[in-house]
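Chemist: Output the structure for:
(chains A, B, C and D)
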There are 2 protein chains.
Amino acid sequence: MEKSYRLHGRVWIEGPEGTFLGYGRVVLLERIREHGSITAAARSMEMSYRHAWKLVDSMNRQSRQPVVEKSTGGKGGGGTRLTEAGEQAIACFWSAHREFKAFLSHRSTEIDL
Amino acid sequence: MEKSYRLHGRVWIEGPEGTFLGYGRVVLLERIREHGSITAAARSMEMSYRHAWKLVDSMNRQSRQPVVEKSTGGKGGGGTRLTEAGEQAIACFWSAHREFKAFLSHRSTEIDL
DNA sequence: TTGCGTTATGCTCAGCTGTATATTACGATA
DNA sequence: TATCGTAATATACAGCTGAGCATAACGCAA
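Modeler: Below you'll find the model as predicted:
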């Protein structure tokens, strides 16, 4: 009845090595798709390049097929491109995330304290 | 189809001041009910007394009615007793937590990556 | 060949969170 | 009155995580 208490939470997808996909990681993938490089994606999120690189590396190592393709040198210094497997990973996470948000919203109305 | 990826997550109940009830807090309340003091409850969880006290204080301040009753001095030096409101808080959280676990379990089977 | 921007990687620093320690107040009981 | 075990609270310490630099490799373009 009371609206002052609400159920909150987080979800992520784990693989054998630990966290595979979470909210921040998926947003990072979307920024990479948008900007074409880890550097620009990290900057757009106010995240350090080092941290972003580690996240991307973790995702790429855990995914059956790489989530991004990286190239070094060349025109513009190189860049990073989202793969089809990356697109699927993004869609898969958002799908689960959306259902989770609905669960939280619905379950919050049943808290009576 | 693949079982190597699973959906994980956490849930907690938030009040106006932030986190009100989470997994660790509820277990702490149960230990207090079992041992009769914050000191013994914290020790049983290998948690520092200071941390345990802060969690209890946070819960008590955010709850409409105190979650525990604390007494100082006297036989045995005092102690802490769970209130009826505390019992309700525990039950409320476990109920949401149980449903959440079911959600995770079911949703994990639908991850296809 | 030189310059440029990106990936790749190591090292150090700051902030946060919880631990450990120390001290005081409290009140029933011996 | 002295003792005991707890609540209450301040201060200092340790570990972890991410930020911030610094540096090297790379390959296309001028």
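Chemist: who in chain A is up against DNA strand C?
Modeler: A:37-40, A:49-50, A:53, A:56-57, A:70-74, A:76-80 (C-beta under 7 Å from any atom of the strand). Where you see a C-beta, it was placed from the backbone N, CA and C, and this is true even at glycine.
Chemist: Can you say which of the residues you listed are buried?
Modeler: A:37, A:38, A:39, A:40, A:56, A:70, A:79, A:80 (16 or more other C-beta atoms under 10 Å in any protein chain shown).
Chemist: which among those residues are in contact with DNA strand D?
Modeler: Within those, nothing lies near DNA strand D by C-beta under 7 Å from any atom of the strand.
Chemist: which non-adjacent residue is nearest residue A:88?
Modeler: Spatial nearest neighbour of residue A:88, excluding adjacent residues (C-beta to C-beta, 6 or more residues apart in numbering or on different chains): residue B:113 at 6.5 Å.
Chemist: er, residue A:62 actually
Modeler: Per C-beta to C-beta, 6+ apart, closest to residue A:62 is residue A:15, 4.3 Å.
Chemist: again, but for residue A:31
Modeler: residue A:41 (3.7 Å).
Chemist: Closest one of the buried ones among the residues of chain A next to DNA strand C to chain B?
Modeler: Closest approach to chain B among those (C-beta to the nearest C-beta): residue A:56, at 16.6 Å.
Chemist: Wasn't that closest one part of a helix?
Modeler: Yes. Residue A:56 forms part of a helix when assessed by DSSP: H, G, I helix; E, B strand; the rest coil.
Chemist: Which residues are in contact with it?
Modeler: Taking C-beta atoms under 8 Å, 6 or more residues apart in numbering or on different chains as the criterion, residue A:56 is in contact with A:28, A:32, A:38, A:67, A:68, A:70, A:80.
Chemist: Using JSON lines, please lay out the residues you listed together with secondary structure and pLDDT.
Modeler: Output for the contacts of residue A:56, formatted as JSON lines (DSSP: H, G, I helix; E, B strand; the rest coil; pLDDT from 0 to 100):
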{"residue": "A:28", "secondary structure": "helix", "pLDDT": "98"}
{"residue": "A:32", "secondary structure": "helix", "pLDDT": "98"}
{"residue": "A:38", "secondary structure": "helix", "pLDDT": "98"}
{"residue": "A:67", "secondary structure": "coil", "pLDDT": "98"}
{"residue": "A:68", "secondary structure": "strand", "pLDDT": "98"}
{"residue": "A:70", "secondary structure": "strand", "pLDDT": "97"}
{"residue": "A:80", "secondary structure": "strand", "pLDDT": "98"}
